[in-house]
Structure formats: C-alpha cells, structure tokens
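In: need the 3D shape of this:
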Amino acid sequence: MQSEHETRPESLRHSEASRFEMKPPCDEAVIRAGDQRAPCVEKLRPWILAATILGSSMAFIDSTVVNVALPALQSSLHATVVDVQWVVESYGLFLSALILVGGALGDSIGRRAMFMLGVFGFAIASTGCGYSSSIKGLTVWRSVQGIAAAFLVPGSLAIISSSFDEKSRGQAIGTWAGFTTITTALGPVLGGWLIEHVSWHWVFLINIPIAAVVLGISLWRVPESRSSHAGSVDWLGASIATLGLAALVYGFLRSAILGWTHPEVIGSLVIGFGSMILFVVVEKSVRMPMVPPELFKSASFSGANLLTLCLYAAVGIFFFLFPLNLIQIQKYSATATGAAALPMILLMFLLSRWSGGLVARYGPKLPLIVGPLIAAVGFFLFSIPAVRAHYWTDLFPAFVVLGLGMAISVAPLTTVVMNAVEQERAGVASGINNAIARVASVLAIAVLGAVMAAAFTHSLRQSLSGMNLDADMVHELESNSATLGNLDAPSNANPETAAKIRSAIAQAFVFGFRLIMLLCVGLAIASAGVAWRKIPSKGAERAPDLGRAAAAD
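Out: Numbering: from 1, shown residues only. Below is the predicted model of the structure:
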C-alpha cells in the first residue's frame, strides 16, 4: 500500500507563478523538488526551455503591465479605483485559489496538456481583455485569465522538472530564472511604451502571437508526461477557498463605497471569514487535501508563511498604488513609470546568488530579520516624497533600499520553506508558500485599498472645507472621490479655483499614499518579528538535500 507521501499529486510541487512585480519565494526551488524520473531526449531540451520560458513570460508580462495600465484604464473606461482594483484582484484571486489544483490536474491528465490548455485559455482571455469596451467586461475576462494562468504556470515548471535530470536541471533553472527575470524587468517598459504610443488594448493583445508560438513549439517538440502516483483533486477545498477569497475581496472593496456598516459589506465579510474557517475544517477531513494542515505543525513552516503573508502584502499594495502615484500625481509618462522599478528588479537578480551565500554562512534567521527591516526602510523612504518628486533623488534610492531588503529575504525564505518539511513534501510546501504570497497581495490590495480610499476622501474633504466652494461643487467632488488621483476639478470651476482643487486632489492622494507606505513599514517590521520568534537559527526540521540546493542558489 502506498504511503501518503507517495500518493501526493506531484505537480503540487510545481505550483510557482511570478506575481507581477517580482517572483514570490520558492520559485526555482519548485523545479528542484520535481519528478526526477523521466528525463527527456537531450535534443528536445532547448525547445522545452523555449516553450516554458515564453509561456511563463506571457503571464509575467501581462501581470506586470496591467498595473502600469491602470491609470489609462481609469481614464478610458471611466472607472473608479475600486473598478481597477477588480481588474487586478479578479486575476489574482482565481490564480491564487486554483494554482495548486492546476498542478494536480497536470499530474493526472498530463503536464503538456494542461500547459497547452492554460496557454490557449490565456490567449482567448487576452483577446477578450483587449477588445473589452467596459470595465465589467474587462474584469470578467481577467478572471478567465487567472483561471488559465493557474494551469499555465505550474504546468510550465512541471514540464521543466520532469524533462531534466538532476545533473542538467541546475543549468535549466538558471536559464529559466534569467530569462523570466529579464521579462519581468522589461515587461513594464514595453507595456508603458504601448500604452503611451499605441493603446492599452495592446497590453493584452500582445499575448496572442506569443501564445501561438508557445502552442506550436509545445505540439512539435515538448513530450507529454504525467505522474504514476497522481491522486484525486481537492475540488471541494478549491471551491471553498475561491468563494472565501472572493467574498472577502468583495466585502473590503465595497466598504470603500458603502461603508463598513452596510449589510452587503457585513454579509460578504461574514461569508468570507466563514468560508476560510470551513476551508480549514474541510482540509483536515478530506483524504487528499490541497493544503495539508499537518505541514503547519512545523514552527518553521508556519513562521515562514506568516512572514510571507506580511511581507508580500506590503509589496502587493505598493506596486498597485505606485503606478497611480507616478502617472496621475507625479505626471510621469507610462514608459517612465514602467521603467521606474527596474533598479529593484535588477538588484534582486544580481544579488540572488550572494543572498544564497548568506544563508549558507549565517543560516536563514539573521537574513530574514535584517532583510525585512531594510525593506521597511525602503517603504519609509517612499513615504517622504511629495508632489513633483524627482526620480533620481526621491525615488531611486528608495527602490535600491527596497530591492536590497527583498534580495536578502527571498533566498532564506525559500530555504526555510524547503527545509521545514521532509524531502517528499518539499514541493507541496513550496507551492503553498507561493500561493500564500499571492493571497497576501490579493487581500492587501482589497483591505489597504479601502484604507487608501478613506484617507484620500478625508484629506480632500478637509481641503475643500477651506475653499468656500458652492455646495454643488463640493458634492460633485466628494461623490466622485472613489476615482482617487483620476479625479478632476468640476468643469464649471474658474481657472484659479480649478488649480486649487487639483492641488488638493494631489495632496490628498499623497496623504493616503504616505499612510499606506507607513503601514507597509509596519508589515515589514512584523515580518522581521516573525523571523525573530519563529525561524530557527540553524534551519531545524530540515530536508538536507533540498536545503543545500536552496542555499546554493
């Protein structure tokens, strides 16, 4: 009779996907933890890398560019900030809830089949996004994109893992990581240029030719593989998790419009929190849980995931609001906004091997205390600039500091997650940690987005009260405050009054952005506190082989 470890769906180990701004922890580690029994014919390997890199890059570029496109979406589709929050949240919600299911389906149905299904679905959804003429239609197609990405991304990593033996896998990981980092860095620049010189529609339509190439290579040169020990898919757990996340996000986003005491908001939050409690109960009772509860008995594993939740919540809300700040308030072009985060991304890429050496020398605990604290300094630096901030003096240093903090944090976090469980379950642990990084971003954009809206409205109301505006003008501004930085002065305001109103709008946005950055400082410090209390100094509860591999990365 097979043990539980043997019957665990193996592509749960491959459940990585890069969230928009940067890769979550445990990315290359997911590939290392994969099935090592079916190396492919050597001559096919370059084609396999090409297909998986292009497929992953398609999702990376899309996620990255959408945030840069948010101001254009607001203007073009006459959307509120809550509307554009849904554009981001609908994608992240389905991806984070279903990514483990996508990996498990690949094990049983076939990794190439699920990868190609994800690529095809992503292309169809991208077409729908590109031709959307309303914010609601765009949100629906973004949801479909998220579902497709839940098949595409774990499938791409599972194919690499099953196609390369241990001897050649390290080079494959380096090639995949290098190219996907380049696309993560250059994607916003390309997208900003498309938004500025062509149209935001091409941010999505650019996926279609990439998908066609990936499908052609996959049919022609990528072999099929599946697990001989694939088990059943936890559809009940996945459904409850999706319902719970959707209800929580809906409740938090609607609170910015209806208020916290509205029955619709209260009902959504009750359903959301109730579903999360039910999810825990269900995962304890089903035979093949999507998220095995026993893994969280490890202090290291639970601590690493709590740290991930706090740190990636801060990163998620930062990269949602920062493009709005640069384009709508600081008046940067879309191309310049897309290039603004390049120093951070490149710094993380260049320091990845060095940070792995820190783990080998000092253990994971010290870097996981120091890294988030440096990131906290970076977030604090972002809270300082006012309107008309200069990039090289006000923003570039903050990006460098934040990038350094994240670079120090990621490799140790991967090491702790991989070492906290036995080798057979390292991939499951990696997938859960990546899913939690995505959930953290989804929830942060919903919760802290509502805080941002409330702070903006409060500051704007105070500024307007001292301008002696007529009641109709004040009512018009306050009723449209949900558009945040896209709000403009009423058309009947004289030039002098309009200038004062626009200044008040900019100051209100900066006030809210500063508040959120200070909350991000608190989240980063909380991450360091979790590391101090929960992470062992020498990486106890370890799986030796995978621990050495993660530390060496």
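
In: the bottom helix or strand of this structure by mean pLDDT?
Out: helix 544-552 (a mean of 37; mean pLDDT, DSSP states H and E).

In: once you drop chain neighbours, what's closest to D488?
Out: R502 (7.0 Å; Cβ to Cβ, 6 or more residues apart in numbering). C-beta: built from backbone N, CA, C; applies to glycine.

In: the one you found contacts N486, correct?
Out: No. If you go by Cβ atoms under 8 Å, R502 and N486 don't touch, sitting 11.7 Å apart.

In: more neighbours: these two, which one.
Out: With neighbours defined as other Cβ atoms under 10 Å, R502 and N486 compare such that N486 has more, 22 against 14.

In: what residues does that one make contact with?
Out: Under the criterion of Cβ atoms under 8 Å, 6 or more residues apart in numbering, the neighbours of N486 are P71, Q74, S75, V81, Q328.

In: now name the helix or strand holding the third one.
Out: Assessed by DSSP states H and E, S75 sits inside helix 45-77.

In: buried residues in that helix, which are they?
Out: 45, 47-74, 77 (16 or more other Cβ atoms under 10 Å).

In: so which elements touch that helix?
Out: Packing partners of helix 45-77 (3 or more Cβ pairs under 8 Å, 6 or more residues apart in numbering; DSSP states H and E): helix 81-109, helix 111-130, helix 135-163, helix 166-197, helix 201-205, helix 207-221, helix 299-324, helix 334-340.

In: select, out of these, the one closest to V417.
Out: For V417, the closest of those is helix 299-324, at 5.0 Å, according to Cβ to Cβ.

In: centre of the chain versus that closest one, how much separation?
Out: 9 Å (Cα atoms, centre = their mean, to the nearest Å).

In: kindly report the same for stretch 347-361.
Out: Put simply, stretch 347-361 sits 22 Å off its chain's centre (Cα atoms, centre = their mean).

In: how about that stretch: buried residues?
Out: So for stretch 347-361, counting by 16+ other Cβ under 10 Å, buried means L347, M348, F349, L351, S352, S355, G356, L358, V359.

In: quickly find the element holding the closest residue in space to the fourth one that isn't next to it in sequence.
Out: This means L351. For L351, ignoring the flanking residues on the chain, the nearest one in space by Cβ to Cβ, 6+ apart is A407 at 4.0 Å. Using DSSP H and E, A407 maps to helix 396-419.

In: look at A526 and report its pLDDT.
Out: Listed pLDDT for A526 reads 97.

In: can you get me a residue count around the closest residue to it other than its chain neighbours?
Out: Once flanking residues are discounted, A526 sits nearest to C310: 4.7 Å by Cβ to Cβ, 6+ apart. Counted with other Cβ under 10 Å, residues neighbouring C310 total 21.

In: the stretch 351-500 of the chain: helices as residue ranges?
Out: 365-382, 396-419, 426-465, 471-479, 495-534 (DSSP state H, counting those that start in this stretch).

In: and the closest residue to V421 other than its chain neighbours, how far is that from A526?
Out: Nearest non-adjacent residue to V421, counting by Cβ to Cβ, 6+ apart: A429, 4.8 Å away. In this view, A429 and A526 are 22 Å apart by Cβ to Cβ, to the nearest Å.

In: quick one, which of these two is more surrounded?
Out: Ranked by neighbour count (other Cβ under 10 Å), A429 and A526 place A429 first, with 30 against 19.

In: hmm, the more buried one is touching N419, no?
Out: No. In this structure A429 lies outside contact range of N419 using Cβ under 8 Å: 9.3 Å.

In: hey, what's in contact with both of these two?
Out: Common neighbours of A429 and N419 (Cβ under 8 Å, 6+ apart) do not exist.

In: pLDDT weak spots in the chain?
Out: The chain contains residues with pLDDT under 70 at 1-41, 166-167, 169-170, 173-174, 227-231, 423-427, 538-553.

In: apply 50 and report the result again.
Out: Applying pLDDT under 50 to the chain flags the ranges 1-21, 36, 38, 539-553.

In: most tightly packed of the helices of the stretch 351-500 of the chain?
Out: helix 396-419 (a mean of 26; mean count of other Cβ atoms under 10 Å).

In: elements contacting that helix?
Out: On a contact count with 3+ Cβ pairs under 8 Å, 6+ apart, helix 396-419 meets helix 27-32, helix 299-324, helix 342-362, helix 365-382, helix 426-465, helix 544-552.

In: can you tell me what sits against stretch 49-59?
Out: By Cβ under 8 Å, 6+ apart, the residues outside stretch 49-59 that reach it are 17-18, 115, 118-119, 122, 149, 152-153, 155-157, 159-160, 172, 175-176, 179-180, 183, 187, 207, 210-211, 213-214, 217-218, 221-222.
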